[in-house]
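1. Sharing a sequence plus its predicted fold:
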Amino acid sequence: FEQMASISALNPRSEFARGGDAFAINLTAAKGLFDVIKTNLGPKGTLKMLVSGALDIKLTKDGNVCLHEMQIKHPTASLIARVATAQDDITGDGTTSCVLMIGELLKQADTLMYGGVRFQALHPRVVANGFDLAKTRCLSILENLRIKADSGKNLDRATLLKVAGTSLKTKLHFELASSLSENIVDAVLTVIEAGENETNKLDLHRIEIMQMQHKRDMDSTLIRGIVLDHGGRHPDMPKRVTNAYIFTCNISMEYEKTEINSSFFYKSAEERDKLVQAEREFIDERVRKIIALKRKVCDETASQSGDTKPNFVVINQKGIDPLSLDLLAKEGILALRRAKRRNMERMALACGGYSVNSADNLTEDCLGKAGLVYEYTLGEEKFTFVEECKDPKSVTLLIKGPNKHTLVQIKDAINDGIKAVKNALDDGCVVPGGGAVELACYLDLMKYREEFVGREGFGVEAFAQALLVIPSVLAENSAFDVKDCEAKLLAEIRAVVKKNGKVTGQTAVGLDLDSGEPMLPYETGVFDNYVVKKQIIDSSAVIASNLLLVDEMMRAGLESLKG
């Protein structure tokens with residue numbers, strides 16, 4: 001009673017829970033999140049319909065989206081959700097698996113601490129130590145399961161396609177996932193650059209994801225260039241040009257207000273006309289310099305090659321007023337104004353050249369080249385496509401779909417797919433999927449557990465049992481008998497160990513979600529990211545251990561002292 005009253009002596013209004021009650025609160029939160037998220041796992045997982053306060057609907061089975069969109073009030077559940085979403089922010093995948101692992105670890109710990117082990121409950125510290133030993137062992141096993149690329153080379157395109165496909169098939173239907181896998185891998189391989197010592201420099205911001213509510217989801221495609229979400233602003237400008245020079249600039253071609261408060265005074269209408277004319281002349285001079293550059297490069301190219309005269313496209317980050325647009329249209333120039341800054345940067349990467357900030361001393365070096373530029377009108381929206389670039393280092397993934405929630409669903413999946421391919425390239429390896437890593441770790445941990453004569457062995461065994469939650473939930477979501485699948489998988493992997501002496505990335509056994517039978521992920525092309533699995537094992541063990549060691553929960557903040 002004295003211990004229970006210690007916080008109450010400091011703050012009579014405090015609320016607290018101690019010992020088993022505190023753990024029960026944490027366990028309830030983890031179980032609740034576990035039950036909500038578990039049906040999302042794997043290609044055969046079910047969808048969640050998320051409805052906002054404004055009755056907007058989002059259909060998804062992406063665990064990261066679910067945890068972000070759900071309103072979670074319980075503090076422990078919120079903590080687990082933040083850990084899982086941080087996993088997605090770091091590696092791009094593994095959110096659902098992380099929640100399941102934490103929930104299952106706490107369930108196993110509950111059995112050890114309060115269910116009785118040989119008629120004696122274990123101390124939370126003993127269980128936590130066992131988890132830590134098992135985590136270290138799992139990470140070493142994971143190293144042995146890696147399927148590496150050839151020395152000094154990247155993973156080949158076929159392997160990257162399998163990695164992207166494994167990621168996308170958990171969120172989209174099979175045909176769309178297969179189609180988008182090729183687009184994603186081609187996009188990443190296009191923008192990747194070899195830096196010093198042949199290391200890869202991959203900037204994912206070079207891949208633009210553009211949405212177009214139009215046609216079917218299977219019409220989504222990769223544009224090896226740039227797609228802008230606006231078009232030309234003059235009716236006489238060409239809608240389609242070929243063999244075009246691209247001039248990107250940040251030059252104002254319209255009247256501007258002064259940066260400071262200023263006034264102009266004139267005595268007569270003639271003086272006012274002179275003032276207006278002088279200001280107009282200032283803007284027109286800039287436009288004439290751009291037109292002069294166009295005439296110079298287009299006429300010279302036509303005279304030297306004897307081919308058709310090249311075209312000229314102006315993409316400006318600032319505004320272009322109607323009079324300037326009229327001058328450009330008379331020259332047959334396609335001009336776009338108020339382009340987004342990120343598109344200006346990508347334009348230079350896709351077409352070459354560089355963006356200029358002044359109309360003075362313009363040279364041909366600042367110009368990019370594109371084989372085709374055309375405008376596409378969809379309802380009231382206009383899109384400008386810049387394609388057939390020579391060596392693009394920035395591309396656009398164009399998502400199409402009949403409605404908004406389809407577009408959002410595809411975009412979330414594509415983001416995860418791009419990160420999966422990036423992780424594979426950064427790691428230089430992959431690991432087998434379909435629950436193969438968890439099964440291999442389980443088998444090794446159960447053997448490792450025999451080395452312990454102390455109580456930590458119970459914690460190692462509990463960690464091993466918790467790992468089976470991934471293949472078990474995959475089987476359950478695929479409508480197979482969980483115990484039957486588990487027995488077949490364990491029998492198969494024990495046969496592999498008996499034959500080869502150990503489990504490697506090539507011989508690891510996973511679950512075939514179409515038949516419910518064991519299969520070799522290496523042969524069927526089901527691959528996961530090494531960094532994702534590593535992060536799941538590490539973060540779930542750390543968070544579960546921390547929650548185990550909570551012996552008191554209290555609400556005794558400043559708010560409870562008021563009144």
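-> Perfect, thanks for sending it. The structure displayed is predicted, hence computed values, not measured ones.
2. wait, isn't K533 in contact with V437?
-> Yes - between K533 and V437 there is a contact under CB atoms under 8 Å: 5.3 Å. To be clear about C-beta, it is placed using only N, CA and C from the backbone, and glycine gets the same treatment.
3. Among the two, which residue is more densely surrounded?
-> Taking neighbours as other CB atoms under 10 Å, K533 and V437 compare with V437 leading, 29 against 26.
4. returning to that earlier point: what do K533 and V437 both touch?
-> Common contacts of K533 and V437, defined by CB atoms under 8 Å, 6 or more residues apart in numbering, comprise L142, V431.
5. In terms of secondary structure, what does the longest helix along the chain contact?
-> Scanning the chain for the longest helix, with DSSP state H as the assignment, gives helix 269-305. If you count contacts as 3 or more CB pairs under 8 Å, 6 or more residues apart in numbering; DSSP states H and E, helix 269-305 packs onto strand 240-249, strand 311-316, helix 322-330.
6. residues of it that come out buried?
-> I283, D284, R286, V287, K289, I290, I291, L293, K294, V297, C298, T301 (16 or more other CB atoms under 10 Å).
7. now those in a markdown table, with distance to N311?
-> Converted to a markdown table, those look like this (distance: CB to CB, whole Å):
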| residue | distance to N311 |
| --- | --- |
| I283 | 24 |
| D284 | 22 |
| R286 | 21 |
| V287 | 17 |
| K289 | 19 |
| I290 | 14 |
| I291 | 13 |
| L293 | 13 |
| K294 | 9 |
| V297 | 11 |
| C298 | 7 |
| T301 | 11 |
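8. G53: which of these is nearest?
-> Nearest to G53 among the buried residues of helix 269-305: I283, at 47.5 Å, using CB to CB.
9. I figured the closest one hits Y255, correct?
-> Yes - counting by CB under 8 Å, I283 does reach Y255; the two are 7.0 Å apart.
10. Now list whatever residues contact both of the two.
-> Common neighbours of I283 and Y255 (CB under 8 Å, 6+ apart) are D321.
11. Other residues contacting stretch 55-68?
-> The contact list for stretch 55-68 (CB under 8 Å, 6+ apart) reads 36-37, 40-41, 45-52, 69, 81, 84-85, 88, 95-96, 99, 170-171, 405, 408-409, 412-413, 416.
12. and those residues, which are buried?
-> 36-37, 40-41, 45, 48, 50, 81, 84-85, 88, 95-96, 99, 170-171, 405, 408-409, 412-413, 416.
13. quick one: contacts for the closest residue to R157 other than its chain neighbours?
-> Closest residue to R157 apart from its sequence neighbours, by CB to CB, 6 or more residues apart in numbering: V185 at 6.1 Å. Residues in contact with V185 (CB under 8 Å, 6+ apart) are R157, L160, L161, A164, V421.
14. State the three-state secondary structure for V185.
-> Of the three states, V185 takes helix according to DSSP: H, G, I helix; E, B strand; the rest coil.
15. Give the rounded mean pLDDT of the host helix or strand of Y442.
-> Per DSSP states H and E, Y442 falls inside helix 436-449. Mean pLDDT, helix 436-449: 93.
16. try stretch 244-262
-> For stretch 244-262, the per-residue pLDDT averages 84.
17. And the strands in the stretch 351-500 of the chain?
-> Applying DSSP state E, counting those that start in this stretch to the stretch 351-500 of the chain gives strands spanning 368-378, 381-387, 395-401, 429-432.
18. what sits up against the shortest one?
-> Defining contact as CB under 8 Å, 6+ apart, one finds that strand 429-432 is touched by 142, 145-149, 155, 159, 162-163, 424, 437, 505, 508, 510, 520-522, 526-530, 533.
19. Show me which of those are buried.
-> 142, 145-147, 149, 155, 159, 162-163, 424, 437, 505, 508, 510, 520-522, 526-530, 533.
20. circling back to that earlier point, could I get the helices and strands packed on helix 269-305 as JSON lines with mean neighbour count and distance to K61?
-> Shown next, in JSON lines, are the helices and strands packed on helix 269-305 (neighbours: other CB atoms under 10 Å; distance: least, CB to CB, whole Å):
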{"stretch": "strand 240-249", "mean neighbour count": "21", "distance to K61": "41"}
{"stretch": "strand 311-316", "mean neighbour count": "24", "distance to K61": "39"}
{"stretch": "helix 322-330", "mean neighbour count": "18", "distance to K61": "48"}
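21. will you turn the ones you listed into a markdown table that also has distance to E451?
-> A markdown table is the format used below for those (distance: least, CB to CB, whole Å):
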| stretch | distance to E451 |
| --- | --- |
| strand 240-249 | 65 |
| strand 311-316 | 67 |
| helix 322-330 | 79 |
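22. OK, contacts around E279?
-> Y255.
23. Per-residue confidence, it, what does it come out as?
-> Value listed for E279 in the pLDDT field: 81.
24. residue ranges with poor pLDDT in this protein?
-> 1-19, 115-120, 151-152, 194-200, 305-307, 554-563 (pLDDT under 70).
25. Go again with 50.
-> Residues of the chain meeting the criterion pLDDT under 50: 1-5, 117-119, 196-199, 558, 560-563.
26. distance of S167 from K61?
-> 13 Å (CB to CB, to the nearest Å).
27. circling back to that earlier point, keep only those of the contacts of strand 429-432 that are in helices.
-> L142, T159, K162, V163, A424, V437, P521, Y522, Y530, K533.
28. can you redo these as CSV with distance to F23?
-> Shown next, in CSV, are those (distance: CB to CB, whole Å):
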residue, distance to F23
L142, 29
T159, 44
K162, 42
V163, 39
A424, 39
V437, 29
P521, 37
Y522, 41
Y530, 33
K533, 28
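29. Which helix or which strand is home to A541?
-> With DSSP H and E as the test, A541 turns up in helix 530-548.
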